[in-house]
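J.: here are the coordinates; sequence isn't available:
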């Protein structure tokens, strides 16, 4: 095995094994991530998947990046969803923050905190004990809805007869763009610094071990960011589906477990490379090409933006897709060049 690959893998294992000086957090990824009925997750849960389903109990916050997010059980914290669809059918002790195509609070659902959503369509049929702030194309408040605070919205509101709203109902422009700024901006500096330093360490390892490849990834992302982001989305959604298919057969289960680990590492590396690309684009404005400065600036900016609820998470997700796509394109290009060299060598030996 290439010594550089061994060094990178060892560094990843060491970095991933270092315990954070904050509350523990569990991360899951795959085609479908399920917290089964009767199962309890005692920490915060972060999930990257095509579908995330909670039928059991999560005793911390749930953060989900997925195509679909469904909460049928109980989350004793906040739910943050970046997804095509976010549906709450169970109990959420905290609040719900969602950026999605559709956000639905079902008839049997109970949300203890605020509901904040930016979506194409929002449906509230259950109970939200505090304020609701939603920006959407269509907002439907069903007859069984109970809202304990104000209802602030931007969009086309349809309120059914029987819906109970304790506070003021008012329309404000651009609600979907300013969600989440009422809470504390810096929830935990220790965890923030820890995350920044670990990401910086991973980026440093990548630049030291693969300097040319890393520079090529950053250049590719900045040259065509839309393409890189689009490819990143395909990788983000497609890889978990392929990994999930491995679990169909008994023989494929070990490969599936290895695939989940590698996918988690790929997401981590994609985020760091995305931040590097952002840093490269910024420092080019100052007529400098220092990759180390670009790494520091990109990660610092991404970390600072991430402190802003809802919007910060969305921006970091886009940074992840940017780096993930550039990484995928870079790997494909490198593989193709190797194939071409092998073909040329084979053709040359046959000619001789």
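T.: On my side now, so go ahead. Source: prediction; values computed, not measured.
J.: find the centremost residue of the chain, please.
T.: Using C-alpha atoms, centre = their mean, the residue of the chain that lies closest to the mean C-alpha position is residue 65, 4.3 Å off.
J.: distance check, that one against residue 314.
T.: Distance, residue 65 to residue 314, using C-beta to C-beta, to the nearest Å: 10 Å. To be clear about C-beta, it is placed using only N, CA and C from the backbone, and glycine gets the same treatment.
J.: before we move on, what about residue 300?
T.: Note on residue 300: its distance to residue 314, by C-beta to C-beta, is 18 Å.
J.: one step back: just the pLDDT for the residue nearest to the centre of the chain.
T.: The score at residue 65 is 79. That number is its pLDDT.
J.: give me the contacts around the helix or strand hosting it.
T.: According to DSSP states H and E, residue 65 maps onto strand 62-71. The list of residues contacting strand 62-71 from outside it, by C-beta atoms under 8 Å, 6 or more residues apart in numbering, reads 33, 44-54, 75, 77-90, 92, 100, 109, 236-237, 313, 317.
J.: so what's residue 216 up against?
T.: 330, 333.
J.: ok, now the one 4 residues further on?
T.: Shown in contact with residue 220 (C-beta under 8 Å, 6+ apart): 228, 326, 329-330.
J.: doesn't it belong to a strand?
T.: No - in this structure, residue 220 is helix, not part of a strand, as judged by DSSP: H, G, I helix; E, B strand; the rest coil.
J.: separation between the residue lying closest to it once chain neighbours are set aside and residue 132?
T.: The spatially closest residue to residue 220, leaving aside those adjacent along the chain, is residue 326, at 4.7 Å (C-beta to C-beta, 6 or more residues apart in numbering). Here residue 326 is placed at a distance of 38 Å from residue 132 (C-beta to C-beta).
J.: neighbour-wise, which of these two wins?
T.: residue 326 (30 against 27; other C-beta atoms under 10 Å).
J.: how far does the strand or helix carrying that one sit from the chain's center?
T.: When secondary structure is defined using DSSP H and E, the element that contains residue 326 is helix 311-351. With C-alpha atoms, centre = their mean, to the nearest Å as the basis, the distance from the averaged C-alpha position of helix 311-351 to the chain average is 22 Å.
J.: list residues touching both of residue 65 and residue 314?
T.: Here residue 65 and residue 314 share the contacting residues residue 82, scored by C-beta under 8 Å, 6+ apart.
J.: domain assignment for this protein?
T.: Annotated domains of the chain cover 23-177, 189-345 [automatic domain parsing].
J.: residue 334 against residue 213, yeah?
T.: Yes - contact status for residue 334 versus residue 213: in contact at 7.1 Å, counting by C-beta atoms under 8 Å.
J.: looking at these two, which one has more neighbours?
T.: Here residue 334 and residue 213 are compared on neighbour count by other C-beta under 10 Å; more neighbours surround residue 213, at 17 against 12.
J.: which residues touch the more buried one?
T.: 330, 334.
J.: just say helix, strand or coil for it.
T.: Relying on three-state DSSP, one would call residue 213 helix.
J.: related to what we said a few turns ago, chain center to the strand holding residue 65, what's the gap?
T.: Its chain's average C-alpha position is 10 Å from that of strand 62-71, according to C-alpha atoms, centre = their mean.
J.: make residue 1 into 4 and carry on from there
T.: New numbering, starting at 4: the last item is strand 65-74.
J.: any stretches of the stretch 204-353 of the chain with poor pLDDT?
T.: Counting by pLDDT under 70, the stretch 204-353 of the chain contains low-confidence ranges at 250-256, 289-292, 312-313, 343-353.
J.: helix or strand right after the strand holding residue 68?
T.: Toward the C-terminus from strand 65-74 - assigned by DSSP H and E - lies strand 77-78.
J.: from the contact counts, what lies against that following strand?
T.: strand 60-61, strand 94-95 (3 or more C-beta pairs under 8 Å, 6 or more residues apart in numbering; DSSP states H and E).
J.: that strand - which strands sit beside it in the sheet, and in what orientation?
T.: Strand 77-78 sits in its sheet next to strand 60-61 (parallel), strand 94-95 (parallel), going by DSSP bridges.
J.: closest one to residue 159 among the ones you listed?
T.: strand 94-95 (25.7 Å; C-beta to C-beta).
J.: what's that closest one in contact with?
T.: Taking C-beta under 8 Å, 6+ apart as the rule, strand 94-95 contacts 74, 76-78, 80-82, 112-116.
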